[in-house]
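Engineer: Quick one, structure for this:
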Amino acid sequence: MSAAKKVTKTRTEAGWTVTATWEIGEDGPISIGPSAVSVMLAPDADPKARVRGYTTGVARRVERLISDMQTEVVGEPEAAHLSGISARALRDALIKMPANPRTDPDAYYRGLLALFDSLDSAGHPAPINVLSDRLGVPKQTIKTQLATARRRFPRG
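Structural biologist: Numbering: from 1, shown residues only. Below you'll find the model as predicted:
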């Protein structure tokens, strides 16, 4: 058995340099995600970036950069598959939901919460990813919407 080697990728964007390292074993990457990540202000960063510092906007860019580098190292993540019955039930539930929370907030948030709970209770490994894909909404937005739904409709 040979020792794991390390693969390091670096990207710079908007005044920030992101470096991520993956450990690679004989059969490929040991994990999907990186084993180490560093984020540093680039030496040639715009003065405005220096003043703002590390913000949530920077964090979103960092997440995207890590995802891009991860695809290079690990490959495309496999899409989560639903059984025919689950896929059909999900499609039918999505059709009944409003297109967005602005149309009918209560119906949207109740529907989103019900869908998440259905996927989660069925043991789906990534219900947020499925909802993000099916609704065409970023994962972070789904997480925020679920938090809103839980506040509006707390469980007993």
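Engineer: For Val137, which residues are in contact?
Structural biologist: By C-beta atoms under 8 Å, 6 or more residues apart in numbering, the contact set of Val137 is 131, 145. Just so you know, the C-beta spots here come from the backbone N, C-alpha and C atoms, and that holds for glycine as well.
Engineer: before we move on, what about Thr148?
Structural biologist: Counting by C-beta under 8 Å, 6+ apart, the residues that Thr148 touches are 101, 109.
Engineer: How about the contacts made by Ala149?
Structural biologist: Ala149 makes contact with 109-110, 112-113, according to C-beta under 8 Å, 6+ apart.
Engineer: Closest one of these to Gly15?
Structural biologist: Nearest to Gly15 among the contacts of Ala149: Leu112, at 35.7 Å, using C-beta to C-beta.
Engineer: who's in contact with the one helix or strand that closest one maps to?
Structural biologist: For Leu112, the enclosing helix or strand under DSSP states H and E is helix 105-121. Residues outside helix 105-121 that contact it (C-beta under 8 Å, 6+ apart): 86, 89-90, 93-94, 96-98, 100-101, 127-128, 130-131, 142, 145-146, 148-150, 152-153.
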